[in-house]
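Undergrad: Any chance you could fold what I've pasted below:
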Amino acid sequence: MKLQLEQIKSNAIVDLQNVKTQQDIENFRVKYLGKKSALTSILKQMGTLSVEERPKMGQLSNEVRTFLLENINLKSNELQQIELSKKLQGEKLDVTLPGKNYSLGKKHPTSLILDEVSSIFLGMGFSIVEGPEIESDYYNFEALNLSKNHPARDTQDTFYIDENTLLRTQTSSVQIRTMQKQKPPIRIISPGKVYRSDEVDATHSPVFNQIEGLVVDKGVTFSDLKGTLETFLRHLYGDDIVMRFRPHHFPYTEPSAELDLQCFSCHGKGCRLCKGEGFIEVLGCGMVHPKVLQNCNIDPNVYSGFAFGVGLERIAMRRYKIDDLRLFYENDNRFLNQF
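TA: The predicted structure is shown next:
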């Protein structure tokens, strides 16, 4: 048995010279320390030895076993260091090379103009109120004096989720929600994304951003509406702008008007952008219809108000001299990096 143990040790020394990988180490371990190894077989025979021989063979067996374990650990650590050195060499960095430049994001032009518009109205005592983009037919149409079969729905009636739920076509729904929850005086603007059935062209999009304003109080007149909008637009564009109010019809305001600004591209001569009219429609406005006030439990004999809706992209086009609304949505860095 002593000779067998010495032979195991001699064979192990030779085999260790051929260990080159971690898998070789595992194979070596199984061969010399596994359940079917020669050393295990010898240890199973220890019970057959005499009382005098058993301590001596036990000590020699432990020495061989310790020798094997120590060499397995040493060889494994050695191979790990070799592999690490190769990996570090392969991933070696040249710290003298210049670093990579990462471009930082910044605000979209529509966000910039929204911040500017919000600042102007906050300075005039307005509050900012937001509402859901998925809206009920009641808040989007019916409470605004647009019944189920009203012809004015034709230019907006689209993107329905079910019979009574749709993507809002205007942020006027926020005005209704505010008037139902808050008693006058009310001075709010409600910015947000809206959805229409418009075809895409230089000044139209089926998805765009809108800012609506609402004022309800005692003694509010059309003169207050006109003065508010003129103050807003002159703060935004300067005192040299040319604007006009045109009579119009909206079911939720009476009287109603549209406000146009002289085309910044042709200065009133007529061009592709303004479709030859010399002016570009910016917003619709008017005095809040008495029926809308009644729908919100506000007495029209005591209170009056005005409302307006501004297309955010339209005023951004004028603010930044952009002649095609589609540029806002094309994600072209050549355009966006100018802001």
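
Undergrad: so who does S76 touch?
TA: Neighbouring residues of S76 by Cβ atoms under 8 Å, 6 or more residues apart in numbering: Q22, I25. Backbone N, C-alpha and C define where each C-beta goes, glycine included.

Undergrad: how about 10 Å then?
TA: V19, Q22, I25, E26, F28, R29 (Cβ atoms under 10 Å, 6 or more residues apart in numbering).

Undergrad: L236 now?
TA: With contact set as Cβ under 10 Å, 6+ apart, L236 has these partners: I113, E116, V117, I120, I315, R318, R319.

Undergrad: quick revisit: by neighbour count, sort out the buried ones in the contacts of S76.
TA: V19, I25, F28 (16 or more other Cβ atoms under 10 Å).

Undergrad: any idea which of these is closest to Y102?
TA: If you rank the buried ones among the contacts of S76 by distance to Y102 using Cβ to Cβ, I25 comes first, at 43.9 Å.

Undergrad: Do you have the strands of this protein handy? List them.
TA: Along the chain, the stretches classed as strands by DSSP state E are 127-128, 134-136, 160-162, 165-167, 186-195, 207-217, 243-250, 253-262, 279-288, 304-311.

Undergrad: highest average neighbour count across those?
TA: Of all the strands of the chain, strand 304-311 has the most neighbours on average by mean count of other Cβ atoms under 10 Å, namely a mean of 23.

Undergrad: packing partners for that one?
TA: helix 172-181, strand 186-195, strand 207-217, helix 222-237, strand 253-262, strand 279-288, helix 290-295 (3 or more Cβ pairs under 10 Å, 6 or more residues apart in numbering; DSSP states H and E).

Undergrad: Strand partners (parallel or antiparallel) of it?
TA: Here strand 304-311 is paired, per DSSP bridges, with strand 207-217 (antiparallel), strand 279-288 (antiparallel).

Undergrad: Who are the contact partners of V216?
TA: Applying Cβ under 10 Å, 6+ apart, the residues contacting V216 are 175, 178-179, 182-188, 288, 292-293, 296, 298, 303-307.

Undergrad: Turn the strands of the chain into TSV, including mean pLDDT.
TA: Converted to TSV, the strands of the chain look like this (pLDDT from 0 to 100):
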stretch	mean pLDDT
strand 127-128	96
strand 134-136	93
strand 160-162	88
strand 165-167	91
strand 186-195	94
strand 207-217	94
strand 243-250	91
strand 253-262	92
strand 279-288	90
strand 304-311	94
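
Undergrad: now those strands in JSON lines, with distance to R234?
TA: Below are the strands of the chain laid out as JSON lines (distance: least, Cβ to Cβ, whole Å):
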{"stretch": "strand 127-128", "distance to R234": "21"}
{"stretch": "strand 134-136", "distance to R234": "33"}
{"stretch": "strand 160-162", "distance to R234": "40"}
{"stretch": "strand 165-167", "distance to R234": "34"}
{"stretch": "strand 186-195", "distance to R234": "17"}
{"stretch": "strand 207-217", "distance to R234": "16"}
{"stretch": "strand 243-250", "distance to R234": "9"}
{"stretch": "strand 253-262", "distance to R234": "11"}
{"stretch": "strand 279-288", "distance to R234": "13"}
{"stretch": "strand 304-311", "distance to R234": "15"}
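
Undergrad: Span of stretch 95-111 from start to end?
TA: 40 Å (Cα to Cα, to the nearest Å).

Undergrad: where does that stretch sit relative to the chain's centre, distance-wise?
TA: 18 Å (Cα atoms, centre = their mean, to the nearest Å).

Undergrad: most distant residue from the middle of this protein?
TA: E52 (81.9 Å; Cα atoms, centre = their mean).

Undergrad: can you tell me how far L273 sits from I113?
TA: Look at L273 and I113: by Cβ to Cβ, to the nearest Å, they are 18 Å apart.

Undergrad: Please identify which of these two sits among more neighbours.
TA: More neighbours surround I113 than the other of L273 and I113, with 24 against 19 (other Cβ atoms under 10 Å).

Undergrad: thought that one was touching Y237?
TA: No: applying Cβ atoms under 10 Å, one finds I113 not in contact with Y237, separated by 11.3 Å.

Undergrad: For the two, list the residues in contact with both.
TA: I315, R318, R319.

Undergrad: Adding neighbour count, pLDDT and distance to T48, write the residues you listed out as TSV.
TA: Below are these laid out as TSV (neighbours: other Cβ atoms under 10 Å; pLDDT from 0 to 100; distance: Cβ to Cβ, whole Å):
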residue	neighbour count	pLDDT	distance to T48
I315	24	85	101
R318	20	81	104
R319	16	85	100
